[in-house]
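Student: Need the 3D shape of this:
(2 chains)
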Amino acid sequence: DQQVKQNSPSLSVQEGRISILNCDYTNSMFDYFLWYKKYPAEGPTFLISISSIKDKNEDGRFTVFLNKSAKHLSLHIVPSQPGDSAVYFCAAGSSNTGKLIFGQGTTLQVKP
Amino acid sequence: DSGVTQTPKHLITATGQRVTLRCSPRSGDLSVYWYQQSLDQGLQFLIQYYNGEERAKGNILERFSAQQFPDLHSELNLSSLELGDSALYFCASSVDRAFADTQYFGPGTRLTVL
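Tutor: I've put the predicted structure just below:
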């Protein structure tokens, strides 16, 4: 039972355009959400997070949106750069259980 | 460089064997987390230690065990290895115990079981 799903295994975007990565979850107990980026041969790197009391969090070119009623979050990257090409993982957690559940990842390719 | 170190980088062993993976957290971080990433799955949380004590358990098999030592480094022990245990094993650390804290990941240990 996958509690956190990233339904798009890959995404290709032109440099300068917007990249939108999506993530769905099933457990309504999740109260915080994170996005990580991973380059080949490296560990994941934290990008941005959002708690369930907010519906938007922005950090530079990265914005995470949370739609609690739809149990959906998305990561927007504007403008996309070739260096953003990586695998992006969303993760969801519950403060009560203390466990973080990761999605399968979406491979983003930003073409110059 | 996240500041989290993992050794060894690569490990090749046979079925039935036992291996130990080592992790040194960032200076000042009290929590250590272990994750498994196999080819067909995303990152699977295994276990968390905070200041030497087990804090949370995920999908960790009984054949696997971990500990965190007084100097805060951690070891993940994998025994009676099976082919399906071949995966990337990541260690992460954070300052405090809450999962909402930013976790800093090490480069991983690639385990191959033949």
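
Student: Residues of chain B that sit close to chain A?
Tutor: Contact residues, chain B versus chain A (Cβ under 8 Å from any Cβ of the partner chain): B:2, B:4, B:33, B:35, B:41-45, B:48, B:55-56, B:58, B:90, B:92, B:97-100, B:102-108. For every residue, glycine as well, the C-beta is placed using N, CA and C.

Student: Can you say which of the residues you listed are buried?
Tutor: Restricting the residues of chain B next to chain A to buried positions leaves B:2, B:4, B:33, B:35, B:42-45, B:48, B:55-56, B:58, B:90, B:92, B:97, B:99-100, B:103-108, with burial counted as 16 or more other Cβ atoms under 10 Å in any protein chain shown.

Student: Just the ones in strands from the residues of chain B next to chain A, please.
Tutor: Judged by DSSP state E, the residues of chain B next to chain A include B:33, B:35, B:43-45, B:48, B:55-56, B:90, B:92, B:104-105 as members of strands.

Student: in the sheet, who's paired with the residue of chain B found nearest chain A?
Tutor: Nearest residue of chain B to chain A (Cβ to the nearest Cβ) works out as B:Phe105 at 3.1 Å. Beta bridges link B:Phe105 to B:Ala92, judged by DSSP bridges.

Student: Pull the number of nearby residues for B:Val19.
Tutor: When counting by other Cβ atoms under 10 Å in any protein chain shown, one arrives at 18 neighbours for B:Val19.

Student: Hmm, B:Tyr89 and it touching each other?
Tutor: No. Counting by Cβ atoms under 8 Å, B:Tyr89 is not a contact partner of B:Val19; they are 9.7 Å apart.

Student: what touches both of the two?
Tutor: B:Leu111 (Cβ atoms under 8 Å, 6 or more residues apart in numbering or on different chains).

Student: At the contact with chain B, which residues of chain A appear?
Tutor: Neighbours of chain B within chain A, by Cβ under 8 Å from any Cβ: A:32, A:36, A:41-46, A:49, A:51, A:89, A:91, A:93, A:95, A:97-105.

Student: still on that earlier bit, quick one: the residue of chain B closest to chain A from A:Lys38, how far?
Tutor: According to Cβ to Cβ, to the nearest Å, B:Phe105 stands 8 Å off from A:Lys38.

Student: what's near enough to touch B:Asp101?
Tutor: B:31, B:94-95.

Student: hang on, I meant A:Ala41
Tutor: A:Ala41 is in contact with B:Pro107, counting by Cβ under 8 Å, 6+ apart.

Student: now swap in B:Asp29 and tell me
Tutor: By Cβ under 8 Å, 6+ apart, B:Asp29 lies in contact with B:72, B:93-95, B:104.

Student: switch to 6 Å and redo it
Tutor: Shown in contact with B:Asp29 (Cβ atoms under 6 Å, 6 or more residues apart in numbering or on different chains): B:93-95.
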